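Participant: My questions concern the predicted model and sequence given below.
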Amino acid sequence: MELGNGMDSLETGTPRLDRGRQAAPQVFECLRERIISLVLVPGTVLSRAELMAEFGVSVTPIRDALLRLAEEGLVDIYPQHATVVSRIDLPAAAQAHYLRRSIELEVARDLALSGRKDYLLKVQATLAQQRATQEVGDFEAFVELDHAFHRQLYEAAGVPDLWTLVRRRSGHIDRLRRLHLPIAGKTEAILRDHAAIVAAIAAGDAAEAQARVREHLSGTLAKVDEIRARFPDHFRG
C-alpha cells in the first residue's frame, strides 16, 4: 500500500454536492477527508478562489468550512494571507489517543460483561470485509472498515455519540496512523488486534478485552520517532 504524495492538492475529481443539504458541511467533510487521508499533505496552501470554483459555491460556505477545519486544528488560517493544512501536532495526537483509549477500555469492559451476543455477527462481518480489503491492498476501504469496526462497538455499548466526539478530536492522531499504516506488518497487526478484542468480548473476559484494546491503541504512538524520521516535514516543531 502506498500513500499519495498529495502535492496536486485539488486533483481529486470534481465533488458533487447534494443541493438538498447545506453546502458548508459538505465542503468541510470533503476537505477533512482529504486532509486525514493525506491527499492534502501538511503545508498545502488552500486557495479560497480555487475551492469556490471546484465546489461551485460562494465564498461563505468555503469560509465556514475552513473555520470548522481550523477549530479541529487541521488548518492554520492566516488572515489576509493564506490558509494552510496544519502540520501534525504530537501533543494534540497524544490527547486524542488518551481520550479514545479511556472510552474504548470502558466500551470493551461493558460489552464483555453484558453477556450480549446480538451485535457480534455484524462486527465479525466487518472484520471479514476488512481482511478482504487488506488482501487486495485497498487502503482506503481498509481504513473505512477500521472506523466501522470501532463505531459498531460504541453503538453496541449504547454510546454512539462518543464515537462522534472521538472522531472530531482525532484529526492529528488519524494522520499519524495514516503515515504508520503502510509500514510492513501494520495492517496485519490491526486485523489480529481486532480479532483478539472481539474474541475476548465474546468470551466475557473483561480484563482480557481491556488488555487487547490497550495494546491495539498503543501501536502508533510507540512508533512516533520512526514515523517522524520518515516524514519530518509533516510535523510541527
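Facilitator: Cool, got the structure.
Participant: Determine which residue of the protein is most distant from the centre point.
Facilitator: residue 80 (30.5 Å; Cα atoms, centre = their mean).
Participant: what about that residue, which SS state?
Facilitator: coil (DSSP: H, G, I helix; E, B strand; the rest coil).
Participant: shouldn't residue 117 be in contact with residue 202?
Facilitator: Yes - using Cβ atoms under 8 Å as the test, residue 117 is close enough to residue 202 to be in contact (7.1 Å). (Each C-beta comes from the backbone N, C-alpha and C, glycine too.)
Participant: Compare those two and say which is more crowded by neighbours.
Facilitator: Shown here are residue 117 and residue 202; by other Cβ atoms under 10 Å, residue 202 has more neighbours (15 against 9).
Participant: Please name the nearest non-neighbouring residue to that one.
Facilitator: residue 120 (5.9 Å; Cβ to Cβ, 6 or more residues apart in numbering).
Participant: Please report the distance of that neighbour from residue 156.
Facilitator: 9 Å (Cβ to Cβ, to the nearest Å).
Participant: Work out for me the element the spatially most central residue of the chain sits within.
Facilitator: Taking Cα atoms, centre = their mean as the criterion, residue 174 is the residue nearest the geometric centre of the chain, at 4.1 Å. Under the criterion DSSP states H and E, the helix or strand holding residue 174 is helix 171-180.
Participant: What is that helix packed up against?
Facilitator: Under the contact criterion of 3 or more Cβ pairs under 8 Å, 6 or more residues apart in numbering; DSSP states H and E, helix 171-180 touches helix 23-36, helix 90-114, helix 206-222, helix 224-230.
Participant: I'd like those laid out as CSV, including distance to residue 130.
Facilitator: Converted to CSV, the helices and strands packed on helix 171-180 look like this (distance: least, Cβ to Cβ, whole Å):
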stretch, distance to residue 130
helix 23-36, 18
helix 90-114, 17
helix 206-222, 13
helix 224-230, 22
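Participant: Could you dump the ones you listed into JSON lines with distance to residue 62 and mean pLDDT added?
Facilitator: As requested, those are exported to JSON lines (distance: least, Cβ to Cβ, whole Å; pLDDT from 0 to 100):
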{"stretch": "helix 23-36", "distance to residue 62": "6", "mean pLDDT": "95"}
{"stretch": "helix 90-114", "distance to residue 62": "24", "mean pLDDT": "97"}
{"stretch": "helix 206-222", "distance to residue 62": "32", "mean pLDDT": "94"}
{"stretch": "helix 224-230", "distance to residue 62": "32", "mean pLDDT": "93"}
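Participant: Looking at these, spot the one closest to residue 144.
Facilitator: helix 23-36 (10.1 Å; Cβ to Cβ).
Participant: Taking helix 171-180 as reference, get the angle to that closest one.
Facilitator: 40 degrees (axes from the mean of the first three to the mean of the last three Cα atoms, to 10 degrees).
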